[in-house]
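**Q** I'd like to go over a predicted model; first the sequence, then the structure.
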Amino acid sequence: MVKFLKRFVDPVVPLWAIAPLVLCFIFNCAIYWLTMALCGGLPHYDLTLPIDERIPVVTGWIFIYLGYCYVFWALSYCYIAKVHRDRSIDVFRFVTADIMSRIVCMLFFIFFPTTNTRPEILGDTLSDDLTRFLYTIDEPTNLFPSIHCLVSWLCFIGIRAEKNVKLAVKVFSCASALLIMASTQFLKQHYILDMVSAILLAEICYFIAGKIRFPIFLTRWYSKIVRKLVPGAKLN
């Protein structure tokens with residue numbers, strides 16, 4: 001099993017980075033579903049602006065929102081860890097920013113819960129059916145800031161300044177993030193303020209994570225755990 005992991009998994013994502021990345025995923029799910037359960041009965045605020053009402057509903061974007069985004073996120077998180085394989089402090093800066101941003105989201109979801117009014121989807125195409133299904137399983141809550149937009153922009157930030165990442169990859173990452181954000185608007189899952197606040201939150205959290213010592217603490221603490229589990233192993 002160890003040989004298999006080193007041969008097939010480690011080249012894609014460093015084995016030591018799997019646990020922190022999984023932690024980010026678990027923390028994100030816990031924040032989202034816990035706050036949704038806790039705040040369902042609270043008054044919610046509608047942040048709809050006039051410009052939001054002028055954006056048309058285009059259900060074809062459902063394939064970006066429900067499909068492409070999750071693949072993009074998973075691959076981006078793995079790629080960020082791979083790019084920083086020899087600089088674990090940068091991985092933990094990203095992890096710190098990721099967790100900080102979710103804590104801020106949690107505070108907004110609890111103390112300033114938001115909602116919006118979704119349109120009635122009348123078409124009979126596959127995209128129309130999928131959009132109606134999305135509306136059924138996903139209540140219009142936990143909107144501000146948009147986690148869809150937040151995660152997508154963090155994925156781009158994680159490689160934006162890396163010199164060893166090709167420009168084409170950076171352009172692809174940025175374009176993917178923008179497409180996902182556009183899908184939240186054309187499907188009326190989020191509105192303009194949800195998207196803008198998510199971008200600002202991602203930028204602020206990543207900046208702060210680069211200025212505080214917490215990523216250093218995480219790196220040292222995690223390195224000790226890795227050495228205990230795998231004698232002689234270390235993080236660079």
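**A** Good, I have the coordinates.

**Q** Low-confidence bits of the chain, can you list those?
**A** 1-2, 229-236 (pLDDT under 70).

**Q** Point me to the residue sitting closest to the centre of it.
**A** Val151 (2.0 Å; C-alpha atoms, centre = their mean).

**Q** That one reaches Ala74, doesn't it?
**A** No - Val151 sits out of contact with Ala74 when judged by C-beta atoms under 8 Å, with a separation of 10.6 Å. All C-beta spots, glycine's among them, are computed from the backbone N, C-alpha and C.

**Q** rewinding a little: the residue nearest to the centre of the chain: helix or strand, and which one exactly?
**A** Using DSSP states H and E, Val151 sits within helix 147-160.

**Q** Start and end of stretch 60-74, how far apart?
**A** By C-alpha to C-alpha, to the nearest Å, the extent of stretch 60-74 from end to end equals 22 Å.

**Q** Could you point out the helix or strand that follows the helix or strand hosting Val196?
**A** Per DSSP H and E: Val196 is located in helix 192-209. Once the chain leaves helix 192-209, the next helix or strand it forms, by DSSP H and E, is helix 214-229.

**Q** who does that following helix touch, helix- and strand-wise?
**A** Applying 3 or more C-beta pairs under 8 Å, 6 or more residues apart in numbering; DSSP states H and E, one finds that helix 214-229 contacts helix 15-39, helix 88-111.

**Q** most tightly surrounded among the ones you listed?
**A** Greatest average neighbour count among the helices and strands packed on helix 214-229 goes to helix 88-111 (a mean of 21), per mean count of other C-beta atoms under 10 Å.

**Q** what kind of secondary structure is Val57 in?
**A** coil (DSSP: H, G, I helix; E, B strand; the rest coil).

**Q** gap between the residue nearest to it when sequence neighbours are not counted and Leu134?
**A** Distances taken as C-beta to C-beta, 6 or more residues apart in numbering place Pro119 nearest to Val57, at 5.2 Å, with adjacent residues excluded. According to C-beta to C-beta, to the nearest Å, Pro119 stands 12 Å off from Leu134.

**Q** same check, this time on Val9
**A** 32 Å.

**Q** re earlier: residues in contact with the nearest residue to the residue nearest to the centre of the chain once chain neighbours are set aside?
**A** Spatial nearest neighbour of Val151, excluding adjacent residues (C-beta to C-beta, 6+ apart): Trp73 at 5.6 Å. Trp73 sits next to 151-152, 155 when contact means C-beta atoms under 8 Å, 6 or more residues apart in numbering.
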